[in-house]
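Peer 1: Take this sequence and fold it.
(chains A, B, C and D)
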There are 2 protein chains.
Amino acid sequence: MARPYEFNPDVAIGRAMEVFWQKGYAGTTPQDLLDAVGIGKGSFYNHFKSKHNIFELCLLRYRQAQADALVQFLKQPGPAKDRLRKALQTLIEFDLEGPVRKGCMAVNTAAELATSDVRAARIVGEMFDRTESAFVQLVENGQADGEFRRDIDAHALASLLFTLILGLRIAGLVANTPERLERAIDAAVRAVCTSVNG
Amino acid sequence: MARPYEFNPDVAIGRAMEVFWQKGYAGTTPQDLLDAVGIGKGSFYNHFKSKHNIFELCLLRYRQAQADALVQFLKQPGPAKDRLRKALQTLIEFDLEGPVRKGCMAVNTAAELATSDVRAARIVGEMFDRTESAFVQLVENGQADGEFRRDIDAHALASLLFTLILGLRIAGLVANTPERLERAIDAAVRAVCTSVNG
DNA sequence: ATAATTGTTGACTCATAGGTACAGAATTAT
DNA sequence: ATAATTCTGTACCTATGAGTCAACAATTAT
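Peer 2: The predicted structure follows:
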C-alpha cells in the first residue's frame, strides 16, 4: 500500500559492507556509501536511519556470512588435522589475494571501535565466541581420533587456534609475502597435532 | 637566535600518541590533538606540519618504546619458558587493565590503515619484523636449553608465538574476562615447550 | 478517479575537519 | 635599541560530514 523500493536493501547492505570493510567506520563517508549503493541521500537515510545503523547491519551480515562459511567448512569430510590446515591455508590465501588487503571486518572493527562503540564490540565479541566454539568441536574431534594431542585441554587448544587466526589476519594486512603466515601455520599444526610418521 | 618553544615537542608527541592510540587515525580530530597537547593551532601546524605527519611521529615513537620494552624484557635472567610465559601474561594484563581497551597501536594501525596508507603500513611491518626477530632469539635460547621443542624450526615457532601475540591483542580488545586469553597462553606455552615433570 | 501511504530526489543546514595567513610576542646578534 | 629570526594566537577559509526537509512520484485501497 505504498510505493515500493527501487533497490534491494539486501544488496545495498552487501555493497555498504564492502566499503566499511575496506575503509573502516570513521574512514567511510556518506558519499562513499551512496556511490556504492547507488541511491540518493533521501532514500539512504529513509531506509537506514544513520551511518551507524547501516554499519551495524553490515557487521551483522558479515558475521552471518562468516559463520555460515565456517560451518560449511567444518562440515567437510576428512581428518581434523587436514581440515585445520586447510582452513588456515584457505584463510591466508583469501587475505593475501588481490592487491587490496581488507583483512577481517570483525578484527578491523575490534581494532577501531572496541574502545568507543559498545554495540559494535558486542557484535564482534559474540562472533569471536561462536568462532572459537566451532574450533572446540574440531579439536574434540581431532582428539577423539588421536590426531590432536590430548595432554592439552580442548578448550585451551581451541583458544590457541582461534587467537592465532586473529593474529594471522592482522599479520596478513601488512605481509608482503605469505612466508611468515605459513611458518606460523606450520608450527601451529605441528605443535597441536600428534606427530604421525607414515 | 629566535623565540624558543613554549612546549616540549617530545612531550607533545607522547600526548598525541595516546590520542591516536585510543581513537585511531581517522577518529582523531585536530581539536583532540590540540586539547591533548595544550597548544594553539598555529604552533601545532608550525611544528608538526600535518595530522598525518604527527601521526607518523607518534607511530615511530610507539615502535621505539615497544622495542625498548621488549628488549628490556628479554634481557631478564631465567629460563626461556618462564620469560615467554611472563611476557605473554604481562601483555594481557596490560591490555586488560583499566576500563579502556586501547590494545596495541601498531595492530590498530594495521587494521585501520594497512589498506590505504603505505607509509604507516611500512612502519608497522618493520615493527612486526623486529618483534618476531626478538622471539627467534628467545626460541633459540629455549631450544638450546632443551626447554622448547626442537622438532619445529625456531623461525616457525617464533612466527607462531608472534602471530599469537597479535591475536591476543585483538582478542583483548573485546574480552570481558581474561579467560580465553589465559587459555590460549597456557596452550601455547605447553604446545611449544617440552613437558618437564619435576 | 481519488485518497492514503510510503519511496525518492535534491536542495538545504549546521558543525567540524584540516588547514592557511598574518599580526604580534619572545628571543639573540649586533 | 634595533634588526633578524622564529614561535604563538587568532581569525579566516574551503570542503566535507552527517543529516533534515519539503516537494514530488509511485503504489494500493476504496
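Peer 1: tell me the phi and psi of A:Phe148?
Peer 2: When read as degrees, to the nearest 10, the backbone of A:Phe148 gives phi -100, psi 150.
Peer 1: Pretty sure it sits against A:Lys81.
Peer 2: Yes. In this structure A:Phe148 lies within contact range of A:Lys81 using C-beta atoms under 8 Å: 7.1 Å. For every residue, glycine as well, the C-beta is placed using N, CA and C.
Peer 1: where do the contact lists of these two overlap?
Peer 2: Listed as contacting both A:Phe148 and A:Lys81 by C-beta atoms under 8 Å, 6 or more residues apart in numbering or on different chains are A:Gly142, A:Cys193.
Peer 1: Between those two, which is the more surrounded one?
Peer 2: A:Phe148 (23 against 20; other C-beta atoms under 10 Å in any protein chain shown).
Peer 1: quick one, longest helix in chain A?
Peer 2: helix A:118-144 (DSSP state H).
Peer 1: what about it and chain B, any contact?
Peer 2: Yes. Where contact is defined by C-beta under 8 Å from any C-beta of the partner chain, part of helix A:118-144 touches chain B, namely A:Ala121, A:Val124, A:Gly125, A:Phe128, A:Glu132.
Peer 1: who's in contact with the second one?
Peer 2: Read that as A:Val124. Neighbour list for A:Val124: A:Leu59, A:Ala106, A:Thr109, A:Ala110, A:Ala114, B:Val174 [criterion: C-beta under 8 Å, 6+ apart].
Peer 1: in what helix or strand does the fourth one lie?
Peer 2: Spelled out, it's A:Ala110. Assigned by DSSP states H and E, A:Ala110 falls within helix A:105-113.
Peer 1: And A:Asp95, by the same measure?
Peer 2: Per DSSP H and E, A:Asp95 falls inside helix A:80-96.
Peer 1: Return the list of helices and strands in contact with that helix.
Peer 2: helix A:51-75, helix A:118-144, helix A:154-174, helix A:179-192 (3 or more C-beta pairs under 8 Å, 6 or more residues apart in numbering or on different chains; DSSP states H and E).
Peer 1: for chain A, what helix or strand is lowest in average pLDDT?
Peer 2: Least confident helix or strand of chain A, by mean pLDDT, DSSP states H and E, is helix A:51-75 with a mean of 94.
Peer 1: can you give me the angle that helix makes with helix A:118-144?
Peer 2: Here helix A:51-75 points in a direction 10 degrees away from that of helix A:118-144 (axes from the mean of the first three to the mean of the last three C-alpha atoms, to 10 degrees).
Peer 1: what about helix A:51-75 and DNA strand D, any contact?
Peer 2: Yes. Against DNA strand D, helix A:51-75 shows contacts by C-beta under 7 Å from any atom of the strand at A:Lys51, A:His52.
Peer 1: in that helix, what's buried?
Peer 2: For helix A:51-75, a neighbour-count test (16 or more other C-beta atoms under 10 Å in any protein chain shown) marks A:51, A:54-59, A:61-63, A:66, A:70, A:74 as buried.
Peer 1: quick revisit: relative to helix B:179-192, how tilted is the longest helix of chain A?
Peer 2: Using the same axes, to 10 degrees: helix A:118-144 against helix B:179-192 is 30 degrees.
Peer 1: how many degrees apart are helix A:118-144 and helix B:154-174 in direction?
Peer 2: Using the same axes, to 10 degrees: helix A:118-144 against helix B:154-174 is 140 degrees.
Peer 1: Is there any residue in helix A:118-144 that contacts DNA strand D?
Peer 2: No. Judged by C-beta under 7 Å from any atom of the strand, helix A:118-144 stays clear of DNA strand D, getting no closer than 14.0 Å.
Peer 1: Next: stretch A:12-31.
Peer 2: Yes. Using C-beta under 7 Å from any atom of the strand, stretch A:12-31 reaches DNA strand D at A:Ala26, A:Thr28, A:Thr29, A:Pro30, A:Gln31.
Peer 1: Show the contacting residues for the residue of chain A found nearest DNA strand D.
Peer 2: At 2.7 Å from DNA strand D, A:Thr29 is the closest residue in chain A, using C-beta to the nearest atom of the strand. Contacts for A:Thr29 were tallied using C-beta under 8 Å, 6+ apart; there are none.
Peer 1: ok, the residue lying closest to A:Arg149 once chain neighbours are set aside - how many residues close by?
Peer 2: Leaving aside its chain neighbours, A:Arg149 sits nearest to A:Thr194 (5.3 Å; criterion: C-beta to C-beta, 6 or more residues apart in numbering or on different chains). Other residues lying near A:Thr194 total 15 when counted by other C-beta under 10 Å.
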